[in-house]
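Participant: coords below, sequence missing:
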């Protein structure tokens with residue numbers, strides 16, 4: 001009997017010690033505009049793109065094709081700046097880095113995927129912009145994970161071109177360094193106004209390109 005009581009007490013103690021906390025945040029994702037608008041960009045490594053179906057690169061746009069049936073993008077890299085306006089949680093304020101691979105049709109719509117990282121602190125960190133290959137060697141604390149999603153074109157008479165592109169992206173990741181052990185899931189809605197993903201500043205629009213609904217899971 002004493003053994004049973006001791007076992008039950010031990011189970012209650014373990015349950016009390018092993019707590020899981022879920023935190024929910026709304027984060028704004030602002031794409032920096034490098035270069036001179038309207039030809040500005042938040043892409044720091046252009047990667048490669050291929051015109052499918054016999055198309056040829058369009059010399060009038062940064063990424064696009066003439067003819068054919070679409071475009072494939074591989075290993076482009078970009079950065080953006082995150083802010084969490086409600087509480088300014090330090091884990092979600094800083095610089096996001098991401099890769100982009102996409103299989104798009106002639107409207108520049110279709111699936112996207114890649115990997116991502118978030119570094120709390122300064123944004124943009126020009127060291128990453130100038131040295132994307134060696135930057136990560138000295139970074140200790142960051143989030144990292146994968147993303148998948150889809151880009152669609154929506155009619156909008158108030159948009160500069162009469163249409164806009166809406167991307168819905170799902171993120172899964174975990175913390176490294178000072179946030180090791182924490183896990184993140186998020187869904188982002190990105191709005192852009194040009195066939196090639198470009199900052200809104202290209203059209204004088206300064207609103208954040210993305211709104212991210214974030215859940216952080218921590219076990220104690």
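Facilitator: Everything's here; your move. As the structure is a prediction and not an experimental result, all values here were calculated from the model. Residues are numbered from 1 along each chain as shown.

Participant: helix, strand or coil for residue 36?
Facilitator: Of the three states, residue 36 takes coil according to DSSP: H, G, I helix; E, B strand; the rest coil.

Participant: tell me what residue 175 is bridged to.
Facilitator: residue 143 (DSSP bridges).

Participant: for it, give its distance to residue 84.
Facilitator: 15 Å (CB to CB, to the nearest Å). Just so you know, the C-beta spots here come from the backbone N, C-alpha and C atoms, and that holds for glycine as well.

Participant: list the contacts of residue 68.
Facilitator: 51, 52, 53, 54, 55, 56, 106 (CB atoms under 8 Å, 6 or more residues apart in numbering).

Participant: export the residues you listed as a markdown table, with columns for secondary structure, neighbour count and pLDDT.
Facilitator: Below are the contacts of residue 68 laid out as a markdown table (DSSP: H, G, I helix; E, B strand; the rest coil; neighbours: other CB atoms under 10 Å; pLDDT from 0 to 100):
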| residue | secondary structure | neighbour count | pLDDT |
| --- | --- | --- | --- |
| 51 | strand | 18 | 94 |
| 52 | strand | 15 | 94 |
| 53 | coil | 12 | 93 |
| 54 | coil | 9 | 92 |
| 55 | coil | 17 | 92 |
| 56 | strand | 10 | 93 |
| 106 | coil | 16 | 92 |
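
Participant: spatially, which two of those residues are the most separated?
Facilitator: The distance between the two most remote of the contacts of residue 68 (CB to CB) is 13.1 Å, for 56 and 106.

Participant: isn't residue 200 right next to residue 192, touching?
Facilitator: Yes. If you go by CB atoms under 8 Å, residue 200 and residue 192 touch, sitting 7.2 Å apart.

Participant: quick one: the helices in this structure?
Facilitator: 2-17, 126-130 (DSSP state H).

Participant: lowest average pLDDT across those?
Facilitator: Ranked by mean pLDDT, the helices of the chain bottom out at helix 2-17, with a mean of 52.

Participant: anything in contact with each of residue 200 and residue 192?
Facilitator: With CB under 8 Å, 6+ apart applied, the overlap between the contact sets of residue 200 and residue 192 consists of residue 209.

Participant: measure how buried the residue nearest to residue 201 when sequence neighbours are not counted is and give me the count.
Facilitator: Nearest-residue entry for residue 201: residue 33, 4.0 Å, with adjacent residues in sequence omitted and distances by CB to CB, 6 or more residues apart in numbering. Around residue 33 sit 18 other residues, with neighbours defined as other CB atoms under 10 Å.

Participant: could you pull up phi and psi at residue 33?
Facilitator: phi -110, psi 90 (degrees, to the nearest 10).

Participant: contact partners for residue 110?
Facilitator: 70, 102, 103, 104, 150, 151.

Participant: sketch out the low-pLDDT regions of this protein for me.
Facilitator: 1-17 (pLDDT under 70).

Participant: at 50 what do you get?
Facilitator: 14, 16 (pLDDT under 50).

Participant: residues near the closest residue to residue 204 other than its chain neighbours, how many?
Facilitator: Nearest residue to residue 204, sequence neighbours excluded (CB to CB, 6+ apart): residue 37, at 8.0 Å. Neighbourhood size, residue 37 [other CB under 10 Å]: 15.

Participant: so residue 37 touches residue 202, yeah?
Facilitator: Yes. Counting by CB under 8 Å, residue 37 touches residue 202, with 5.0 Å between them.

Participant: isn't residue 165 right up against residue 108?
Facilitator: Yes. At 6.9 Å, residue 165 counts as touching residue 108 under the criterion of CB under 8 Å.
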